[in-house]
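[1] What shape does this take:
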Amino acid sequence: MPLNIPNLLTWGRIVLIPLFVGVFYAPHDWLTPHEQNFAATVIFVVAAVTDWLDGYLARTLQQTSSFGAFLDPVADKLMVAAALIILVQLDRTDAIIAIIIIGREIAISALREWMAKIGAARSVAVSLLGRVKTSSQMVAIPMLLYHDPIPLFDPQRVGTWLIYLAALLTLWSMAYYLRMAWPHIADRV
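    I've put the predicted structure just below:
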């Protein structure tokens with residue numbers, strides 16, 4: 001495992017997950033509910049920014065590695081899954097939304113792994129649709145985490161619409177990736 005700045009940022013994202021979850025388990029005399037919402041939002045946004053930054057630095061500094069390419073999406077999926085589970089527990093989003101998004105991530109990760117084993121990984125490379133889906137959920141989740149109303153803006157309402165959009169795009173992108181992989185699947189069934 002190459003120890004470089006991009007990989008350290010990715011590991012940092014993974015280390016943030018227990019801190020992120022722990023914020024909501026802190027006693028109310030340590031953090032008020034508003035402070036919990038704010039702290040969790042900041043931690044999630046920092047994780048999202050480091051996701052972009054580690055990829056940028058890996059390319060710019062020419063520090064890409066197969067380990068980094070493996071670990072980066074794992075860190076992203078773990079943080080998003082943790083956030084969705086917390087949001088369901090706090091009753092800020094529906095369980096079906098979390099199941100759709102987390103289930104798709106597991107299914108597409110497995111599909112990508114299998115496609116790589118048969119030498120057809122390019123068939124399921126990240127698409128523009130996948131990027132739009134990710135952007136939608138990465139904007140929705142902090143709004144749902146923050147939760148508290150802001151004058152002239154309701155993060156919960158906007159976040160709810162965006163997470164529903166993310167779920168719809170999740171299903172659409174899963175269908176897209178399955179369609180791209182289908183010729184390879186049909187050949188081996």
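
[2] Show me how this protein divides into domains.
    1-91, 94-189 (automatic domain parsing).

[3] and P33, how many neighbours?
    Using other CB atoms under 10 Å, the number of residues around P33 comes to 12. Quick note: C-beta positions are derived from backbone N, CA and C, even for glycine.

[4] on that earlier part again, as TSV, the domains of the chain with mean pLDDT would be great.
    Conversion of the domains of the chain to TSV gives the following (pLDDT from 0 to 100):
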stretch	mean pLDDT
domain 1-91	91
domain 94-189	87
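
[5] V158 contacts P142, correct?
    No - with contact defined as CB atoms under 8 Å, V158 does not reach P142; the gap is 10.7 Å.

[6] Same drill for the two, tell me which one is more crowded.
    P142 (18 against 14).

[7] and the more buried one, how far is that from M174?
    From P142 over to M174 the distance is 24 Å, taken as CB to CB, to the nearest Å.

[8] cool, F20 as well?
    Distance from F20 to M174, by CB to CB: 26 Å.

[9] ok, now L128?
    L128 is 15 Å from M174, by CB to CB.

[10] go on, L129?
    From L129 over to M174 (counting by CB to CB), the distance is 10 Å.
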